Every structure is written in structure tokens, then in C-alpha cells.
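Student: give the three-dimensional model of this entry:
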Amino acid sequence: MPIKELHTEHLQDSKSQKAGLRFQQLLDELRKRDLSEPTLEFVNKLIDRLNEGSFSDKEWRKLLSRKQPKLITMLEKKEELVPKNHYQTQWMAIGMAVFGIPIGTALGVATKNMGLLGAGIPIGLAVGLAVGASMDKKAAREGRQLDF
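Tutor: Coordinates of the predicted model:
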């Protein structure tokens, strides 16, 4: 089953056209992959919903902004495909929360200056970016990274 075409010619707003072009790039990347039947059905249902044409530009963009992350999450779980810098973005936040805050707290307690609490956040950010970048490189080596 091939992936259907997204119709964006009815869009008037430049923001909507830009969002449609970006989603079209994702669909082009998916067409290059050998996807499972349930994934193809999910993508085609999403395209059918977007192609209905009964939306204003703002409503269409809002629907797309809700559905696109769900599609990316589904691709990550079912097909093990991720967009570029996916893990880096994800691990940046994890690093700040899991590593940065405890390191800052330890620095603050050790020096008896809780003003150093914020000093751990950039350290956690750097650790998270490093972990995420290595995971992105691994995904690229394995051919699981979408050029999106």
C-alpha cells in the first residue's frame, strides 16, 4: 500500500504552507522506507483527515501540530525511526533534570551556598546533549534516522 498524497494547494496562509511543506518532507522520507502495514494505514488515515478540506488554515495547522508528534512517536516505537536530532533534543531536558539539578544541589550543600543550585543545570545540559548526540549518531549508522 503506497502512502497517499497530501493536498496543500487550498492553503492560503504562509505558516500553513510552511507546515504543509515540512510535513510533505516527512512523507517523502517515509516513502523511501519499507514500513509495516499498520503504519501505512495510520499515515494514510492521517493524510485523509488532513485532505478533507473543511478546515480553515488555522484549524488545519492546529490539527497538523497535534497529529505530527503522534506520528513521530508511533514511528519511533513501531518502526524504530527517528528524525534528526531527536535524541539530542530529548536528552537535553533529561540531562538538566536528572543530572543538573542533583549536581547543583550537591554543589550548594557542599559549599553551604544554595546560590550554586543553578550551576548544575548547564552541566546537566552538556551531559544530556552529549548522550543524545551519541544516540543520534548510532541511529544514523543503523539507518534509522529520517532526514527530517
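Student: would you point out which residue is most central in the protein?
Tutor: With distances taken as Cα atoms, centre = their mean, the residue of the chain nearest its centroid is H86 (5.5 Å).
Student: how close does that residue get to L146?
Tutor: To L146, H86 is 9 Å away according to Cβ to Cβ, to the nearest Å. Glycine gets a C-beta too; all of them are placed from N, C-alpha and C.
Student: now the lengthiest helix in the chain - C-alpha only, PDB.
Tutor: Of all segments of type helix in the chain, defined using DSSP state H, the longest is helix 120-141. The C-alpha trace of helix 120-141 is given here as PDB (Å, rounded to 0.1, in the frame of the first residue of the first chain):
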ATOM      1  CA  GLY A 120      24.400  22.200  37.900                       C
ATOM      2  CA  ILE A 121      21.900  22.900  35.200                       C
ATOM      3  CA  PRO A 122      24.400  23.800  32.400                       C
ATOM      4  CA  ILE A 123      26.500  20.700  33.400                       C
ATOM      5  CA  GLY A 124      23.400  18.500  33.100                       C
ATOM      6  CA  LEU A 125      22.600  20.200  29.800                       C
ATOM      7  CA  ALA A 126      26.000  19.400  28.500                       C
ATOM      8  CA  VAL A 127      25.800  15.800  29.700                       C
ATOM      9  CA  GLY A 128      22.300  15.400  28.100                       C
ATOM     10  CA  LEU A 129      23.500  16.900  24.800                       C
ATOM     11  CA  ALA A 130      26.500  14.500  24.700                       C
ATOM     12  CA  VAL A 131      24.400  11.400  25.400                       C
ATOM     13  CA  GLY A 132      21.700  12.500  22.900                       C
ATOM     14  CA  ALA A 133      24.300  13.200  20.200                       C
ATOM     15  CA  SER A 134      25.900   9.800  20.600                       C
ATOM     16  CA  MET A 135      22.400   8.100  20.300                       C
ATOM     17  CA  ASP A 136      21.700  10.200  17.200                       C
ATOM     18  CA  LYS A 137      25.000   9.100  15.600                       C
ATOM     19  CA  LYS A 138      24.100   5.400  16.500                       C
ATOM     20  CA  ALA A 139      20.700   5.800  14.900                       C
ATOM     21  CA  ALA A 140      22.300   7.300  11.700                       C
ATOM     22  CA  ARG A 141      24.800   4.500  11.500                       C
END
